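A.B. asks: The sequence and its predicted three-dimensional model are supplied below.
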Amino acid sequence: MLELRDLSKSFELHHQHGARLNVLRGLDLRLHAGECVVLSGASGAGKSTLLRVIYANYHPTFGAVHVRHDDRWIDLARATPHEVLDVRRRTLGYVSQFLRVIPRVPTLDIVAEPLLQSGVDAAAARVRAGDMLQRLNVPERLWQLPPGTFSGGEQQRVNIARGLIVPRPILLLDEPTASLDAGNRAVVAQLLQEARDAGSAVLGIFHDEDMRDRVATRLFPMQALEAA
Ligand SMILES: Nc1ncnc2c1ncn2[C@@H]1O[C@H](COP(=O)(O)OP(=O)(O)OP(=O)(O)O)[C@@H](O)[C@H]1O
């Protein structure tokens with residue numbers, strides 16, 4: 001589903017007279033349907049940077065990010081902005097630690113929105129959004145409220161509901177369970193298992209060892225590089 005070839009990323013540090021920080025170098029990785037690869041390695045090893053490069057938030061300094069999209073391969077490092085958006089809408093999902101949404105929009109609509117964008121009608125989308133929120137133990141009294149004042153864990157569960165509501169062939173997860181209790185982590189593990197059973201490939205960061213053991217089919221170890 002995803003193939004990284006000879007991928008490198010360095011950052012130019014403008015405040016330090018253009019010094020370069022090498023974060024990823026010559027990285028190769030293949031991700032297959034149905035597997036869950038967990039990025040491991042110390043803080044600063046470049047795990048989040050790698051997910052952002054794959055999601056095309058950052059442009060790689062060198063190398064390719066091949067994504068299986070419909071029946072063809074697209075190199076996101078060379079794709080047009082329009083192609084990147086199309087890949088994100090239908091193929092590549094990304095769930096980060098933080099919920100970033102438009103203020104004043106009710107929770108139910110935030111979760112239903114990706115379904116509406118994928119062509120599901122409004123009534124069905126709201127029903128499925130409610131089911132997802134229920135599974136993630138977000139109380140119904142909160143569904144009509146915007147999530148800005150919710151607790152960290154509640155916001156994270158809204159974020160996961162929104163991120164997983166449309167089944168996508170590839171899922172990138174940057175610590176989506178960081179503030180969840182054990183019960184809700186178990187729900188997320190179950191949702192990921194269901195996504196994998198349906199053929200999704202998952203690439204994620206989970207600092208919690210218990211969660212990592214539960215979801216990973218394989219670890220991908222990463223190490224911090226020396227500064228250039
Ligand atoms: N936009 C940026 N500009 C400059 N340096 C950056 C940028 N993004 C990340 N870095 C640097 O890249 C290195 C790797 O950061 P990254 O967040 O990818 O690590 P990580 O392995 O995800 O760490 P953690 O486990 O603590 O989240 C760090 O030294 C960080 O300071």
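C.D. replies: Right, received. Where do you want to start? Source: prediction; values computed, not measured.
A.B. asks: Please count neighbours and contacts with C-alpha atoms only from this point.
C.D. replies: Will do.
A.B. asks: Just to be sure, Ser10 is in a helix?
C.D. replies: No - applying DSSP: H, G, I helix; E, B strand; the rest coil, one finds Ser10 to be strand, outside a helix.
A.B. asks: The spatially closest residue to it that is not a sequence neighbour and Ala224: what is the separation?
C.D. replies: Using C-alpha to C-alpha, 6 or more residues apart in numbering and skipping the chain neighbours, the partner closest in space to Ser10 is Asn22 (4.1 Å). Distance, Asn22 to Ala224, by C-alpha to C-alpha, to the nearest Å: 9 Å.
A.B. asks: Ok, Ala42 next?
C.D. replies: 8 Å.
A.B. asks: These two: which has the busier surroundings?
C.D. replies: Using other C-alpha atoms under 10 Å, the more surrounded residue of Ala42 and Ala224 is Ala224, with 16 against 12.
A.B. asks: contacting residues for the nearest residue to that one once chain neighbours are set aside?
C.D. replies: With C-alpha to C-alpha, 6+ apart as the criterion, Ala224 has its nearest non-adjacent residue at 4.0 Å, and that residue is Ala45. Residues in contact with Ala45 (C-alpha atoms under 8 Å, 6 or more residues apart in numbering) are Val23, Met222, Gln223, Ala224, Leu225.
A.B. asks: So which bits of the chain are right by the ligand?
C.D. replies: The chain comes close to the ligand at residues Phe11, Val23, Ser43, Gly44, Ala45, Gly46, Lys47, Ser48, Thr49, as judged by C-alpha under 6 Å from any ligand atom.
A.B. asks: could you dump the residues you listed to TSV with secondary structure, pLDDT and distance to Thr80?
C.D. replies: Converted to TSV, the residues of the chain next to the ligand look like this (DSSP: H, G, I helix; E, B strand; the rest coil; pLDDT from 0 to 100; distance: C-alpha to C-alpha, whole Å):
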residue	secondary structure	pLDDT	distance to Thr80
Phe11	strand	94	22
Val23	strand	95	25
Ser43	coil	91	32
Gly44	coil	92	30
Ala45	coil	94	29
Gly46	coil	96	25
Lys47	helix	96	25
Ser48	helix	96	23
Thr49	helix	97	21
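A.B. asks: Most neighbours out of the residues you listed, which is it?
C.D. replies: That'd be Lys47 among the residues of the chain next to the ligand, by other C-alpha under 10 Å, with 24 neighbours.
A.B. asks: I figured that one hits Leu39, correct?
C.D. replies: Yes - contact status for Lys47 versus Leu39: in contact at 6.3 Å, counting by C-alpha atoms under 8 Å.
A.B. asks: now stretch 96-107, how far from the centre of its chain.
C.D. replies: 15 Å (C-alpha atoms, centre = their mean, to the nearest Å).
A.B. asks: can you list contacts of that stretch?
C.D. replies: Under C-alpha under 8 Å, 6+ apart, the answer for stretch 96-107 is 110, 142-148, 155-156, 158-159, 173-178.
A.B. asks: one more time with 7 Å, if that's ok
C.D. replies: Stretch 96-107 has contacts (C-alpha atoms under 7 Å, 6 or more residues apart in numbering) with 143-147, 155-156, 159, 173-176, 178.
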